[in-house]
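Student: Provide a 3D model corresponding to the input given below.
(chains A and B)
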Amino acid sequence: MRQLTLDVRAEPEPSLDNFVVGANAQVLERLRALACDPASAALYLWGPQHGGRSHLLRSTVAAARAAGQEAMYLEAAAVGTELPLAPGGLLAIDDVDVLGEAGQVALFRAFNDMAGARIRLLASGPCAPRHLALREDLRTRLGAALVFELHPLGEEDAARSMERHAAARGLRLAPEIVPYLLRRGRRDLPFLMAALDALDELSLTRQRPITLAMARELFDSQPDREATPKRSCPPAALDPKPPSDPDIP
Amino acid sequence: MVTDEIWSSCLAHLEKELPAQQFNTWIRPLRAEPAADDQSAWRVVAPNRFVLQWVRERYLSRLEELAASLTGTPVTLALALAPTTPNRATPPAPATAPPRAPTRSSHGEPAYERTRLNAAFTFDTLVTGRANELARAAAVQVSENPGTSYNPLFVYGGVGLGKTHLMHALGNAIHARNSQLTLRYVHAEDYYADVVRAYQQKSFDAFKRYYRSLDLLLIDDIQFFHNKTRTQEEFFHAFNALTEAKKQIVITCDTYPKDIEGLEDRLISRFDWGLTVQIEPPETEMRVAILKKKAATDQIHLDDDVAFLIAKNLRSNVRELEGALKKVVAFARFHSRPINLELAKEALKDLLGAHSRQLTLELIQKTVADYYKIKVADMYSKKRSRAVARPRQVAMWLARELTPISYPAIGEAFGGRDHTTVVHACRTIADLRLKDPTLNHDLHLLTQVMRG
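Tutor: Numbers count the residues shown, from 1 in each chain, chains lettered A, B, ... in the order given. Prediction:
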């Protein structure tokens, strides 16, 4: 039998509208406001990996651009010794915990220039500001931002969003499929959606509807059942070598 | 004349010169096209203002050099914004590069532009207590007699205690008395960037002229000069010139002058010429006063018990203290609830982040084993006695509740058990906790411990 792999297809562009809200309604409202209101502000989102942080940062930037504003999304690894500060713009920095030494100074300076330049900063990381292993002057600035924890989806929300995802793709799922996926797989959305996509693929190949047996086969064919499927946006890698900060000879 | 080929060659050169991520972020999105009316000019189109500004400041001259060497004739590059999207209202930026000031890119209000002073930081908005009263008194005195009372004024203290606020307050007070004076607030890191720029652009004369023309120089976080020898030298000369001319210098630092690492002795000894004052971490009463004052400024009613709760949880610095207040206020507004103790506790959860560590199955197994005083090995052993089996089920239940890990993976970690065993364990514990208050208490306690 052919080896089956969990793989994802081209995801729809991340938007604030297609984020599954769960217990994060307040965050979403704030991000919508941040995208449209040019008043200077700083927000910090934290939560586990695969919890939707990058989705929210990217989609807030997209929403700001749609509202006619300057906005830019940067992974921490892409941050050099300075950050671009367009007056009145929105700057989103993902995964601040992997900022190198020079990148930390750059973000620190961006915070210092924030009020004067009327910029908005949106940052994300894996834990609350007080637990970030960053320079203290930067860490406290993140702690002074409006801080939100992103709460993972409960099983009910995850099930609902899988059903919606399936319906959007014209998939007909037997009622036992979603509970089965929740039982057998990791309960984070990227994994679950990829599992659905893989089932869709299998059902198309075989020209047969999705059945529980097919789902079982999919999981049994995976040597590593915990493996998280490929993500549409890879996690930011550590900058191999942060730009050196030498003084002039 | 520009051709696709030449543009591609330019990019290929830059790709070799720059780290890949920087190239992909800033250079790859650019498009070049011939300018309509001038064969020696190119129009370089940036997708947004961020990229435009960044390329203008960092890469424009290098691109021009590359283009000139490839075409054999001088080339002018004019930056422009990509055509606006249908719902975008902002007009395109001017296409030519402005003359570069010795400082960072410009923006904002004219007064801010000249002084870089934040108007919100004044002596009135600074809460005074035992921790900062000496520093404040010194700053007030300097603002009344700049250049003649204490020069330099050296303020030191930990991160987030209000050194920058005090410095801006001093600057604003002097500006309010005499707006003709030339004042400048500069962060040490920005001063360093100016030195680097002056070096790259061979414009040290302009740099020196500018800094020596000031009536008041406020330089923040001088510890950033650590091991930057050329920057220290420039600052040393600027310092001498300003103090000789009786111009005021105010310096902040995170430590006492003698303890600054990587700073030349001749600079450190000069810091002792004036007055050195410390700002200490605020005591609880002062933290409460800061919160009440901040709330009053924002016209928010804050009860003492709520202020104490916030002050108790955020002890080390004022900056995060104010962040916590912001969080509580935002939370109350979103839920349309009054600010009280219960609400504040709820709101602060996001900020304090109980989940300080990544929960692993090993950690859960160890914590539960310790709690029930059994061996960790019993978590994955084949033993089925009640004394071992129940804690094992508790650990499985916690793994399911507190992590996204799947049933099969949990089973695997508990001695290669089948996922149906884990499902059974979770159901058993979920049922039992409703009937057994002791177990329910254990689960509650263990959950709290795991969450930090």
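Student: what's the nearest residue to the closest residue to chain A within chain B if we skip its chain neighbours?
Tutor: Chain A sits closest to B:Gly353 of chain B, with a gap of 2.1 Å, by CB to the nearest CB. Just so you know, the C-beta spots here come from the backbone N, C-alpha and C atoms, and that holds for glycine as well. Among residues not flanking B:Gly353 along the chain, A:Ala128 sits closest, at 2.1 Å (CB to CB, 6 or more residues apart in numbering or on different chains).
Student: Need the phi and psi values for that neighbour.
Tutor: The phi/psi pair for A:Ala128 (degrees, to the nearest 10) reads phi -60, psi 150.
Student: what stretches of the chain score poorly on pLDDT?
Tutor: Defaulting to chain A. A:1-12, A:222-249 (pLDDT under 70).
Student: The chain in question should be chain B.
Tutor: B:1-2, B:21-22, B:37-39, B:84-110, B:354-358, B:451-452.
Student: Just the strands from it, written as ranges.
Tutor: For chain B, the strands defined by DSSP state E occupy B:31-34, B:41-46, B:76-81, B:153-157, B:183-187, B:216-220, B:248-253, B:275-279.
Student: Identify all contacting residues around the first one.
Tutor: Read that as strand B:31-34. Strand B:31-34 is contacted from outside by B:1-2, B:7, B:10, B:41-45, B:82, using CB atoms under 8 Å, 6 or more residues apart in numbering or on different chains.
Student: Tell me the strands beside it, with direction?
Tutor: Strand pairing for strand B:31-34, using DSSP bridges, gives strand B:41-46 (antiparallel).
Student: tilt between the partner strand and strand B:76-81?
Tutor: If you take axes from the mean of the first three to the mean of the last three CA atoms, to 10 degrees, strand B:41-46 sits at 30 degrees to strand B:76-81.
Student: could you turn strand B:41-46 into PDB, dropping everything but the C-alphas?
Tutor: What follows is strand B:41-46 as a C-alpha-only set of coordinates in PDB (Å, rounded to 0.1, in the frame of the first residue of the first chain):
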ATOM      1  CA  ALA B  41      17.200  57.400 -14.000                       C
ATOM      2  CA  TRP B  42      15.400  54.300 -12.700                       C
ATOM      3  CA  ARG B  43      12.200  54.200 -10.800                       C
ATOM      4  CA  VAL B  44      12.400  51.700  -8.000                       C
ATOM      5  CA  VAL B  45       9.000  50.700  -6.700                       C
ATOM      6  CA  ALA B  46       8.600  49.500  -3.100                       C
END
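Student: what's near enough to touch the residue of chain B closest to chain A?
Tutor: Listed by CB under 8 Å, 6+ apart, the contact set of B:Gly353 reads A:46, A:127-131, A:149, B:452.
Student: So which of these belong to strands?
Tutor: Judged by DSSP E, the contacts of B:Gly353 include A:46, A:149 as members of strands.
Student: Produce a PyMOL select command limited to the buried residues of the contacts of B:Gly353.
Tutor: Command for PyMOL, covering only those of these found buried under the criterion 16 or more other CB atoms under 10 Å in any protein chain shown:
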select buried, chain A and resi 46+127+128+129+130+131+149
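Student: The strands of chain B into a markdown table, with extra columns for distance to A:Gln207?
Tutor: Output for these, formatted as a markdown table (distance: least, CB to CB, whole Å):
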| stretch | distance to A:Gln207 |
| --- | --- |
| strand B:31-34 | 45 |
| strand B:41-46 | 48 |
| strand B:76-81 | 50 |
| strand B:153-157 | 72 |
| strand B:183-187 | 65 |
| strand B:216-220 | 69 |
| strand B:248-253 | 72 |
| strand B:275-279 | 74 |
